[in-house]
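*Asks:* what's the 3D shape of this:
(chains A, B, C and D)
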2 protein chains.
Amino acid sequence: MMKALVNKKSSEQASETEISVNHQKLIDATIETIAKRGLADTTIAHVAKRAKVSQGYANFRFKSKDNLLISSLQYLSDEYKKSWQKIFEEKNIDPIDRIIRIIQNDFSSKIANRNKISVWIAFYSEVKFRPSYLAICQRQDEIYSQQMEKLVSEINNIANQKEFTPKEVSETYHSMVDGLWQRILFDPKIYTNEFCKNLVLKYFKSIYVNEDRFA
Amino acid sequence: MMKALVNKKSSEQASETEISVNHQKLIDATIETIAKRGLADTTIAHVAKRAKVSQGYANFRFKSKDNLLISSLQYLSDEYKKSWQKIFEEKNIDPIDRIIRIIQNDFSSKIANRNKISVWIAFYSEVKFRPSYLAICQRQDEIYSQQMEKLVSEINNIANQKEFTPKEVSETYHSMVDGLWQRILFDPKIYTNEFCKNLVLKYFKSIYVNEDRFA
DNA sequence: TTTTGTATTGAATAATCATTCAATTTTTAT
DNA sequence: ATAAAAATTGAATGATTATTCAATACAAAA
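*Replies:* Numbers count the residues shown, from 1 in each chain, chains lettered A, B, ... in the order given. Predicted coordinates:
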């Protein structure tokens, strides 16, 4: 059976970014298991079975369950970050179109689906007791907020909007997203991605009254 | 040692609402333990110790750990409900003052503190896997939303506001509250109760432009 | 092919924890 | 005061689970 490193050029050292298939298989399996069974019921045995490796290997590969969970959260965080980072960087696109893309991304089915959300909230629920979880979440939030404020600031200038500061708009948006994600988990029949997205657009419409693209 | 029922009139049957001291002691201890250690690390032994009863008794009294957790969530939910129910019912108070009281309540230190929030989120994180948790949370949300929409509807009439429907305003507020609670957990230095409350007031200011009380 | 090093297995271990229940204490009724 | 009933204890049980590690499979080198 072939269960070794991938991309490993023969006789050459693996680069630092090269990671074994099993590493990623285990992270995927962890996220899937949390989504399917909840964090409380996520055991190394379940994860290993889903990743199709032995239980002993899963532990060996990540040194501990704790470490596997942290790596999975980090992966989730990186994945999300990649999705918005590139939108913020599209400097040639109009700021308002850019923020609309951010909103679309935050409520795309790839990001805002019950499985992903339940995993996020599972980690959130432990944030108070695990400094490493907190650090990952805080870092993520900080960069997102920073970029968001900058973007809102541009829009405020264009729209000549002075009543609401970039920080206020950014924080309000951010909290709405978190809250709506939670509600998607509770009642996906009512809180469809479309519903949530429109609610947020409507919020922006209340701030930028003359801007039709939010309607 | 005196460890029996309270309020029990001699020779009379205990009324249905009469509940033993130990019952409440155990629920309080459960909530405190979840707040201090997290749901994952909340064991019957820890709860019993905190409630100063034996481990065997805790289990006996609630039949199972699961049942104890459900009772604790229900208690938390009832406690919160009591805090807003009476505000919604103050029909002699101006609707805008009433909604401001709702906001003040949602960000009062009794409701929006890290301990309580962490317990809520602990339960939220299991909602997808425990129908009984989901039912309690959904019922709560439903009544709250219903009352909130009615209140917003009154305000819309007074303010002659037609752009934003009561449902939209209510949902936006509700998601903001959930999101901000989450953020209080992450970074209470930045997200003080005052900060959160003002952010929400500012949102209402954006809807009811001519109403100074939200400023 | 043989040797050597690495990857992977799976069964054993030890710790944790919910639950049970016989024994004990406390309360109530007579 | 005594007996009967109810409340409460705490130690034992059995199930679950992370972690370890000796044994095996595999890949690369010679």
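
*Asks:* mind checking how far the most centrally placed residue in chain A is from A:Ile121?
*Replies:* In chain A, the centroid-proximal residue (CA atoms, centre = their mean) is A:Tyr80; its distance is 3.4 Å. Going from A:Tyr80 to A:Ile121 by CB to CB, to the nearest Å gives 14 Å. (C-beta placed from N, C-alpha, C; glycine too.)

*Asks:* and if you look at A:Lys49?
*Replies:* Per CB to CB, A:Lys49 is found 24 Å from A:Ile121.

*Asks:* so between these two, which is more surrounded?
*Replies:* Each of A:Lys49 and A:Ile121 has its neighbours counted (other CB atoms under 10 Å in any protein chain shown); A:Ile121 has more, 24 against 15.

*Asks:* for the helix or strand harbouring that one, buried residues please.
*Replies:* Element membership for A:Ile121, per DSSP states H and E: helix A:114-124. Neighbour-count burial for helix A:114-124, counted by 16 or more other CB atoms under 10 Å in any protein chain shown, picks out A:116-124.

*Asks:* give me the mean pLDDT for the helix or strand harbouring A:Arg98.
*Replies:* Using DSSP H and E, the element containing A:Arg98 is helix A:95-106. What helix A:95-106 shows for mean pLDDT is 98.

*Asks:* with stretch A:168-178 instead?
*Replies:* Average pLDDT, stretch A:168-178: 98.

*Asks:* quick check: closest non-adjacent residue to A:Lys65.
*Replies:* Nearest residue to A:Lys65 in three dimensions, chain neighbours excluded: A:Ile44, at 5.5 Å (CB to CB, 6 or more residues apart in numbering or on different chains).

*Asks:* ramachandran coordinates for that neighbour?
*Replies:* The phi/psi pair for A:Ile44 (degrees, to the nearest 10) reads phi -60, psi -40.

*Asks:* now do the buried residues in the helix holding A:Arg98.
*Replies:* Here helix A:95-106 shows A:95-96, A:98-103, A:105-106 as buried, counting by 16+ other CB under 10 Å.

*Asks:* between those residues, which is closest to DNA strand C?
*Replies:* Checking the buried residues of helix A:95-106 against DNA strand C by CB to the nearest atom of the strand gives A:Asn105 as the nearest, at 34.9 Å.

*Asks:* surely the closest one and A:Ile111 touch.
*Replies:* Yes - using CB atoms under 8 Å, A:Asn105 is in contact with A:Ile111, at 6.3 Å.

*Asks:* tell me the residues that contact both of these two, please.
*Replies:* The overlap between the contact sets of A:Asn105 and A:Ile111 (CB atoms under 8 Å, 6 or more residues apart in numbering or on different chains) consists of A:Ser83.

*Asks:* and the residue nearest to A:Ser145 when sequence neighbours are not counted, how close does it get to chain B?
*Replies:* Excluding its sequence neighbours, the residue lying closest to A:Ser145 (CB to CB, 6+ apart) is A:Ser170, at 5.7 Å. Look at A:Ser170 and chain B: by CB to the nearest CB, to the nearest Å, they are 10 Å apart.

*Asks:* number of residues surrounding A:Ser170?
*Replies:* Residues lying near A:Ser170 (other CB under 10 Å) number 21.

*Asks:* same question, A:Asn198
*Replies:* Neighbourhood size, A:Asn198 [other CB under 10 Å]: 17.

*Asks:* so what's the backbone phi/psi at it?
*Replies:* Note on A:Asn198: its backbone torsions stand at phi -70, psi -30 [degrees, to the nearest 10].

*Asks:* let me see the domain layout of chain A.
*Replies:* Domain segmentation of chain A under automatic domain parsing yields A:18-63, A:72-214.

*Asks:* hmm, back to that, how near is the residue nearest to the centre of chain A to DNA strand C?
*Replies:* The spacing between A:Tyr80 and DNA strand C, counted by CB to the nearest atom of the strand, to the nearest Å, is 28 Å.

*Asks:* next, the angle from the longest helix seen in chain A to helix A:95-106.
*Replies:* Across chain A, the longest stretch assigned as helix under DSSP state H is helix A:131-159. Per axes from the mean of the first three to the mean of the last three CA atoms, to 10 degrees, the angle that helix A:131-159 makes with helix A:95-106 is 150 degrees.

*Asks:* now do the buried residues in helix A:131-159.
*Replies:* Going by neighbour count (16+ other CB under 10 Å), the buried part of helix A:131-159 is A:133-134, A:136-137, A:140-141, A:144-145, A:147-149, A:151-156.
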